[in-house]
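Visitor: Test case, fold it:
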Amino acid sequence: MDDSLEAQVGRLLKARGLTVALAESCTGGLVAHRLTNVPGSSAYLLGGVVSYSNEAKQHVLGVSPDTLRVHGAVSAETALEMARGARRLFGADLAVSVTGVAGPDGGSAAKPVGLTFIALAAEGNEIVEQQLWQKDRLGNKDESADAALRLIGRFLSVEAEVQPDGSVRPLWFVWQGERKRVTDVGRQWVEGEPGKRRRHVLVMTDAQHSPGGGETFELTLSLDSWTWAVAAISSRPVAV
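Guide: Numbers count the residues shown, from 1 in each chain. This next block holds a predicted model:
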């Protein structure tokens with residue numbers, strides 16, 4: 001099985017039956033290149049835009065001239081508008097954008113070489129991540145493409161319902177390329193300082209394919225970016 005980031009993302013998109021679109025600036029189409037290296041990617045990748053100039057960001061993706069003037073092309077605000085524009089343009093379920101200073105020139109004290117913003121736009125969810133890479137131009141592009149793919153993967157890795165009291169009920173998640181169905185949801189708690197708060201949820205999976213019982217996992221939801229992390233606790237059922 002292909003364990004590359006792009007293959008993992010492809011399997012997640014297929015499992016969820018979702019489509020994705022891209023808006024790339026500093027990566028110059030590298031994320032699209034990576035995704036289209038996977039056979040069958042036409043089932044979920046609708047298309048992408050390499051909006052390298054401000055004019056392309058504005059006229060193709062619909063980024064506001066005021067956003068570009070006030071915040072600049074390399075900013076969280078522009079990244080988010082790029083992602084929204086790509087999703088709207090292609091009619092995709094979700095879209096991801098990348099904008100940054102790849103180097104070696106073009107940096108400043110406020111926006112140094114390596115500064116990159118990656119945004120994801122989906123129905124009811126918008127995420128922006130800021131990174132500061134420390135490599136050369138090609139290395140920064142590679143890091144940005146990896147980060148964009150990882151963001152998609154984290155966003156898609158868990159399917160959950162939000163309850164009226166703010167708790168969550170995970171329905172299924174992906175672990176090591178395998179889809180796991182949640183049969184029992186146990187204790188959950190919130191920890192962390194403001195801006196870094198996370199909800200932890202203990203779950204047990206379907207025992208059908210696990211001799212001797214289901215598996216126990218801890219799912220962790222970032223309440224700021226609404227992305228998940230998954231960690232195995234036991235291959236045997238434990239109290240949740």
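
Visitor: pLDDT-wise, which helix or strand of the protein ranks last?
Guide: For the chain, scoring each helix and strand by mean pLDDT, DSSP states H and E identifies strand 228-234 as the least confident one, at a mean of 86.

Visitor: Quick check: buried residues in it?
Guide: Within strand 228-234, the residues that count as buried by 16 or more other CB atoms under 10 Å are W228, V230. For glycine as for every other residue, the C-beta is placed from the backbone atoms N, C-alpha and C.

Visitor: Parallel or antiparallel, which strands does it pair with?
Guide: As defined by DSSP bridges, the strand partners of strand 228-234 come to strand 216-222 (antiparallel).

Visitor: follow-up on the earlier one: name the residues that touch the least confident helix or strand of the chain?
Guide: Contact partners of strand 228-234, identified using CB atoms under 8 Å, 6 or more residues apart in numbering, comprise 154-155, 157-158, 160, 173-175, 202, 215-222.

Visitor: same deal with stretch 180-200?
Guide: Contacts of stretch 180-200 with the rest of the structure, by CB under 8 Å, 6+ apart, involve 167-174, 201-207, 214-215, 217-224, 239-240.

Visitor: hmm, 7 Å instead?
Guide: Residues from elsewhere that reach stretch 180-200, judged by CB atoms under 7 Å, 6 or more residues apart in numbering: 167-173, 201-206, 214, 218, 220-224, 240.

Visitor: which is the next helix or strand following the helix or strand L68 falls within?
Guide: Counting by DSSP states H and E, the element that carries L68 is helix 65-71. Next in sequence after helix 65-71, counting helices and strands by DSSP H and E, comes helix 76-90.

Visitor: about what we covered before: check which helices and strands the helix holding L68 is in contact with.
Guide: helix 54-59, helix 76-90 (3 or more CB pairs under 7 Å, 6 or more residues apart in numbering; DSSP states H and E).

Visitor: who does the shortest one touch, helix- and strand-wise?
Guide: In other words, helix 54-59. Using 3+ CB pairs under 7 Å, 6+ apart as the contact criterion, the secondary-structure elements in contact with helix 54-59 are helix 65-71.

Visitor: Which stretches in the protein count as strands?
Guide: All strands of the chain, identified by DSSP state E, fall at 20-24, 45-50, 94-100, 115-122, 125-132, 158-162, 168-175, 178-191, 198-205, 216-222, 228-234.

Visitor: Take the ones you listed and write them to CSV, including distance to A32.
Guide: Shown next, in CSV, are the strands of the chain (distance: least, CB to CB, whole Å):
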stretch, distance to A32
strand 20-24, 5
strand 45-50, 4
strand 94-100, 10
strand 115-122, 14
strand 125-132, 19
strand 158-162, 25
strand 168-175, 23
strand 178-191, 26
strand 198-205, 32
strand 216-222, 27
strand 228-234, 25
